[in-house]
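A.B. asks: My questions are about this predicted structure, shown below with the sequence.
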There are 2 protein chains.
Amino acid sequence: MAAKNAFYAQSGGVTAVINASAAGVIETARQQKGKIGKIYAGRNGIIGALTEDLIDTGKDSIAAIRALRHTPSGAFGSCRYKLKSLEQNRREYERLIEVFKAHNIGYFFYNGGGDSADTCLKVSQLADTLGYPIQAIHVPKTVDNDLPITDCCPGFGSVAKYIAVSTLEASFDVASMSKTSTKVFVLEVMGRHAGWIAAAGGMASSKDCEIPVVILFPEIAFDRSKFLAKVDGYVKKFGYCSVVVSEGVKGEDGNFLSDQGVRDAFGHAQLGGVAPVVANIVREGLGLKYHWGVADYLQRAARHIASKTDVEQAYAMGKAAVEFAIKGHNSVMPTIERLSSKPYRWKVGMAQLSKVANVEKMMPKNFISKDGFGITDKCREYLAPLIKGEDYPPYKDGLPNYVRLKNVAVAKKLSDFTI
Amino acid sequence: MAAKNAFYAQSGGVTAVINASAAGVIETARQQKGKIGKIYAGRNGIIGALTEDLIDTGKDSIAAIRALRHTPSGAFGSCRYKLKSLEQNRREYERLIEVFKAHNIGYFFYNGGGDSADTCLKVSQLADTLGYPIQAIHVPKTVDNDLPITDCCPGFGSVAKYIAVSTLEASFDVASMSKTSTKVFVLEVMGRHAGWIAAAGGMASSKDCEIPVVILFPEIAFDRSKFLAKVDGYVKKFGYCSVVVSEGVKGEDGNFLSDQGVRDAFGHAQLGGVAPVVANIVREGLGLKYHWGVADYLQRAARHIASKTDVEQAYAMGKAAVEFAIKGHNSVMPTIERLSSKPYRWKVGMAQLSKVANVEKMMPKNFISKDGFGITDKCREYLAPLIKGEDYPPYKDGLPNYVRLKNVAVAKKLSDFTI
């Protein structure tokens, strides 16, 4: 059988290590002479496939592909675009097949989270639904850590490390200032539905170095008086307090805490996030001086402080995806299987995509402390190995030497397609 | 002459490297047997001196003091407290002398910015004004980089590196997302009066890796239409754009841009910073999807990505302060004298405190590009060596292994004093 070409694309919010998965896919696929031909990437995810905007990764050097391992963001461009069902949009699936046929694509590697797993699942069914033979493998990625079956998701460990380190550093800062100035620092972190990232803020505190951190999880309805009592208690005991708040925290009325009905001079809805709202609650309720920060993209792009575990797992997922394809698998996703926490040991597993797509993994209840403001030892045991190890990028003139690929376009063979 | 004891204290906003200066002071002073006796630190800055709340740094080990070099924040506690003039508050100066006498203190090392230099100057005049012999040396520190005479201020280089790295990483992120999602990322950074820190955002772009960064300096009145035109141009050319905005940016009316008259449901003044305001201007003016972040304490506490140049200079300033004192100097501050930029060479200089206190160094006009939204080559040449080199702290279990000192109190000899 002649070698088929491969298609790889990145989807959804990018991370510090999604390019490490790309390196895993491309470097492994390059070794499959006779089985995999060209390795194409979609420019801006599945949109690249639909619009026949393909990148020939073969035009980039061995060194450039290797450098993807230490470069954050999505080197080929990502997209937020979910394929509708075959019934709803048959036109798009037929177009995909048209592009795959034109470029002899037999392998489809899609690197993303829950929505992307759904897209990948639909592509994996093209042999059955539309008679086009393709092997579709999903490569897991999401800072939200909410994919099922896999013990953790590449991208999460590095965000967790960033938030733990930042919470530690900011807490040292506010502790220094607390005598005459700031007593409470509020840090807003990502997490609309699940509090995995916020939980990482709790790792700033350890037995050797106790730090008062109050965590506000999206899983727990915000209780103003309990929260103020907790902060007040910490400030009285330690002189200061740090608060790590998930962007998705909701009040008891079910509305986002960030939606406080704040209006500007023109009556427009409020502009801010949840951190300034929480900081203001501290000011009004306790009269304490505060500072607040919003990490936003900084947290998920922070390759400079990526977790070594995370980088290795991201690469391994990309590598395993290609190996699964070569073994003839379709409609699967490599997973991380934890064998033990102390010492940390894990291996690559395999999940059926049908069991992954559109399933969201929440924080286990026993990961959140009884008062709802902290993490349990079980949670610490889970998180500890994920933030472990440093994997510094090389630097040039004081800045990380991140790679930009050439991203040479493959000549188009088909007519234009409008999304 | 019998050895006199030394007093060291930290003042104002802390930094990633002020403890490196502390290590420089303490390690150098420990070598001055026969000249310097005990080395005391003030708990929470000058307040520790006024309230006789002294720390015996001799109770902490060689290893602990060495670890200060890689630990952010103020290990002895800082304060925001400016001594009034002798005429206005003679009581405080007499109390200082009382404490100094009781603990045989002949050396006063004060580690801070402009306000602290003023406090240090007043202490240095105690021999003249109140007949108490003391040598007061100021150790420069401020992330704002606004002290005069010295080429740069310890603390600034590390913030600059953090902002440059973060802008680079977030720009890579938004570039990946820009096809179907976020096109503009806004990062708010410190700097009420001078745009030094915002300028560092411009270092994310280089000849090898051009990145569209719009900088909003506090020195330049915000012009909405010019700003929108600049962002629009970049988004049209690059597909995305990053904005780095100083917290102190003002509108043409002279008011802070962050004070937009935003009120919450109860009519309280707005909670947010300037980043959400700028992001909203982008949305309203150009209809582009945005994200925004506020670095706040994260930027000045980020010892994990400190500049090696900065760490070395911070230590050198502490060391030089003690050496100046031993040579008999009073009322001076060690400075950083730049000898050349390429290659970067510098040496320790000396400034008279009277020329430092209450003088604010602004960005030179020729550091800001003509359109007011970027930095010039001259600015790049200035900033480049300051962010150069990495000086990673040691890690334990995935987190920087920052030290917490014992901070053992010295037995009080005097009656209480109320500030």
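C.D. replies: Ah, there it is.
A.B. asks: and residue A:124, how many neighbours does it have?
C.D. replies: 25 (other C-beta atoms under 10 Å in any protein chain shown). (C-beta placed from N, C-alpha, C; glycine too.)
A.B. asks: ok, now residue A:2?
C.D. replies: Using other C-beta under 10 Å, residue A:2 has 8 neighbouring residues.
A.B. asks: pretty sure it is in a strand, no?
C.D. replies: No: assignment of residue A:2 by DSSP: H, G, I helix; E, B strand; the rest coil gives coil, placing it outside any strand.
A.B. asks: list the contacts for it?
C.D. replies: residue A:37 (C-beta atoms under 8 Å, 6 or more residues apart in numbering or on different chains).
A.B. asks: Now do it against residue A:106, distance only.
C.D. replies: 10 Å (C-beta to C-beta, to the nearest Å).
A.B. asks: Next: residue A:344.
C.D. replies: Residue A:344 sits 36 Å away from residue A:106, going by C-beta to C-beta.
A.B. asks: More neighbours: the two, which one.
C.D. replies: In terms of neighbours (other C-beta under 10 Å), residue A:106 is the more surrounded of residue A:344 and residue A:106; the figures are 20 against 15.
A.B. asks: In three-state terms, how would the more buried one be classified?
C.D. replies: strand.
A.B. asks: can you pull the pLDDT of it?
C.D. replies: pLDDT, residue A:106: 97.
A.B. asks: residues touching it, list them.
C.D. replies: Counted by C-beta under 8 Å, 6+ apart, residue A:106 has contacts A:4-6, A:100, A:133-135.
A.B. asks: repeat for residue A:27
C.D. replies: Per C-beta under 8 Å, 6+ apart, neighbours of residue A:27: A:65-66, A:319.
A.B. asks: one more time with 7 Å, if that's ok
C.D. replies: By C-beta atoms under 7 Å, 6 or more residues apart in numbering or on different chains, the contact list for residue A:27 reads residue A:65.
A.B. asks: following the strand or helix carrying it, which helix or strand comes up?
C.D. replies: Residue A:27 is part of helix A:18-30 when elements are defined by DSSP states H and E. Later in the chain than helix A:18-30, the nearest helix or strand by DSSP H and E is strand A:36-42.
A.B. asks: and that next one with chain B, contact?
C.D. replies: No: Strand A:36-42 does not reach chain B (C-beta under 7 Å from any C-beta of the partner chain); its nearest approach is 10.8 Å.
A.B. asks: The stretch 51-200 of chain A against chain B: which residues are in contact?
C.D. replies: Close to chain B, as judged by C-beta under 7 Å from any C-beta, the stretch 51-200 of chain A has residues A:72-74, A:77-81, A:161, A:164-166, A:168-170, A:172-177, A:179-181, A:185.
A.B. asks: Does chain B have contacts with stretch A:337-346?
C.D. replies: No: using C-beta under 7 Å from any C-beta, we find that stretch A:337-346 stays clear of chain B, coming within 10.8 Å at best.
A.B. asks: Show me what secondary structure element comes after the strand or helix carrying residue A:234.
C.D. replies: For residue A:234, the element it lies in under DSSP H and E is helix A:224-238. Using DSSP H and E, the helix or strand that follows helix A:224-238 in sequence is strand A:241-246.
A.B. asks: Let me see the mean pLDDT of that next one.
C.D. replies: Strand A:241-246 comes out at a mean pLDDT of 98.
A.B. asks: just for the stretch 1-150 of chain A, where's the confidence low?
C.D. replies: A:1 (pLDDT under 70).
A.B. asks: at 50 instead, please
C.D. replies: Along the stretch 1-150 of chain A, the model assigns pLDDT under 50 to no residue.
A.B. asks: mind listing the strands for it?
C.D. replies: Counting by DSSP state E, counting those that start in this stretch, the stretch 1-150 of chain A has strands at residues A:4-10, A:36-42, A:54-56, A:105-112, A:135-140.
A.B. asks: quick one: strands adjacent to the first one?
C.D. replies: Its sheet considered, strand A:4-10 pairs with strand A:36-42 (parallel), strand A:105-112 (parallel) by DSSP bridges.
A.B. asks: Pick the most buried one from those strands.
C.D. replies: strand A:105-112 (a mean of 27; mean count of other C-beta atoms under 10 Å in any protein chain shown).
A.B. asks: Many thanks, I have nothing further to ask.
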